[in-house]
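> Make a model of this:
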Amino acid sequence: MAAPPHPKVHTPPGPPTPSPRWPDRAPRLAAAWAAGYAAVEITWATTGTTVPWKAHASYAPAVQLLLAALALLAGAASLAPTRTLAATALTAALPVFAIGAIGLPIHFVTLVTLSGVESATGLAQVLLNTAGAALLFLVLLAHRRRLRGDCPRCGRPHPVPTDEPLVHPAPTRPSARTRTAAYLLMCGLLPWAGVKTIWLLGGDALGVAAANWQRTTDAGASGPAKAAASVGVDITVAAAAVGVLLLLGLLHPWGQVFPRWTAFLSGRRVPRLLPLLPAWLTGIPLTLYGTLLVLLAPLMATGALPVVKPSPPFTTSSGVTWMVEFGGLALAGLGLALLVAAHSYATRTRPRCPTAAP
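Numbers count the residues shown, from 1 in each chain. The predicted structure follows:
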């Protein structure tokens, strides 16, 4: 008599294996960036290529070789299996490349106003530093989430990994305290923009005659800047207005869902990185540079630092000092406002895996 067939045992499927996501891609991208960055820096150092880091100052070849070595170290740390050691190395390397990206807003204004590129190598250096800082930040974020036992993808603790689409929260407004802080910081633009507007409208301020300021501006301005000035708009004030528009988008629901006036995009969710990347990449350099100017102006006024000799259109050292202070307040105020709003936006729009608790 034949034995009865064995019943089929149905083994429940295990948790799905997630496909590669940004926490898996970021280390490889960071390592590739490190290799490319090191190759560029070594080439510039050995060929004596001039790479400016500020006006009338360039990177020394020894500094470029040190940056190349630091990039290779950061790239190796990104791929290191020991996450604690990797996080330590990345924490040390990240500020160096973030500081190297400070000039990004200045290059952005120059490109937007069609004023031309002062140095192709200087712009390339800033872009390389910016890309490296962004990639190393993502790798460090993923490492820290894993060290805490959280999901590296959404940053929340949940037992079962998943490859399902992330769940995005509904559009919300930031708290009243966040909005108030951002708007107060934005007011730092007023003294600087006010002085510029007075000059454009024919008035005198800080010992500078409007005609002299206009003559100096026209001598170094391009077509778009001259066209804007002819209708009473300073091109740098217009660039600041773009930053204010970005800030408002971070603080209002229309920055999370495209509004009606965006035509075919109306009602669609705004990709998180669309406002966050420019806010971070602009806010951090503006804050660092603006804070430096805010601190320098009082030191120059009190004689702790050498007084800057006036150059056209300025006629007095005090006028230069006040303009440095006003510029620092504008840059630091807008930069900090963007960072405060971006932090709130990132928190409010942070998606989660379906298996994570809301």
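> What about residue 277, how many residues nearby?
By the criterion of other Cβ atoms under 10 Å, residue 277 has 14 neighbours. In short, each C-beta sits where N, CA and C put it, glycine included.
> cool, and residue 160?
By other Cβ under 10 Å, neighbour count at residue 160 equals 12.
> And the one 10 residues further on, by the same measure?
Using other Cβ under 10 Å, residue 170 is surrounded by 9 other residues.
> isn't there a helix covering it?
No. Counting by DSSP: H, G, I helix; E, B strand; the rest coil, residue 170 falls outside a helix, being coil.
> Which residues are in contact with it?
Contacts for residue 170 (Cβ atoms under 8 Å, 6 or more residues apart in numbering) come out as none.
> Okay, strands next: where are they in the stretch 1-150 of the chain?
52-54, 57-58 (DSSP state E, counting those that start in this stretch).
> neighbouring strands for the longest one, and are they parallel or not?
I take that to be strand 52-54. Note on strand 52-54: by DSSP bridges, its sheet partners are strand 57-58 (antiparallel).
> quick one on the thing from earlier: just the strands of the stretch 1-150 of the chain: most buried one?
strand 52-54 (a mean of 14; mean count of other Cβ atoms under 10 Å).
> Give the rounded mean pLDDT of that one.
On average, the pLDDT along strand 52-54 is 80.
> Can you give me the neighbour number for the residue lying closest to residue 301 once chain neighbours are set aside?
Of all residues beyond its chain neighbours, the one nearest residue 301 is residue 321 (5.2 Å), with distances taken as Cβ to Cβ, 6 or more residues apart in numbering. Residue 321 has 21 neighbouring residues, counting by other Cβ under 10 Å.
> Ok, residue 260 next?
Quick note: residue 260 (other Cβ under 10 Å) scores 9 neighbours.
> Tell me who's in contact with it.
By Cβ under 8 Å, 6+ apart, the residues touching residue 260 are residue 266.
> Touching, residue 250 and residue 345? I think so.
Yes. Between residue 250 and residue 345 there is a contact under Cβ atoms under 8 Å: 4.5 Å.
> Which one's more surrounded, the two?
residue 250 (27 against 24).
> And the closest residue to the more buried one other than its chain neighbours, which helix or strand is it part of?
Sequence neighbours aside, residue 341 is the residue nearest to residue 250 in space, at 3.7 Å (criterion: Cβ to Cβ, 6+ apart). Per DSSP states H and E: residue 341 is located in helix 317-348.
> Could I get the buried residue list for whichever helix or strand residue 285 is part of?
For residue 285, the host element (DSSP H and E) is helix 273-301. Of all the residues in helix 273-301, those buried under the rule 16 or more other Cβ atoms under 10 Å are 275-276, 278-291, 293-294, 296-297, 300-301.
> residues contacting the residue nearest to residue 301?
So residue 321 contacts 297, 300-301, 307-308 (Cβ under 8 Å, 6+ apart).
> Show the pLDDT at it.
90.
> doesn't residue 239 fall inside a helix?
Yes. Assigned with three-state DSSP, residue 239 falls within a helix.
> Check the gap between it and residue 85 for me.
42 Å (Cβ to Cβ, to the nearest Å).
> Compare neighbour counts for those two and give me the winner.
The residue with more neighbours, out of residue 239 and residue 85, is residue 239; 15 against 12, by other Cβ under 10 Å.
> picking that back up, make a markdown table from the strands of the stretch 1-150 of the chain and add distance to residue 204 to it.
As requested, these are exported to a markdown table (distance: least, Cβ to Cβ, whole Å):
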| stretch | distance to residue 204 |
| --- | --- |
| strand 52-54 | 30 |
| strand 57-58 | 33 |
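> Tell me which of the ones you listed lies nearest to residue 42.
strand 57-58 (16.2 Å; Cβ to Cβ).
> Other residues contacting that closest one?
50-52.
> can you rerun that using 10 Å?
Here strand 57-58 makes contact (Cβ atoms under 10 Å, 6 or more residues apart in numbering) with 44, 49-52, 64, 119, 121-122.
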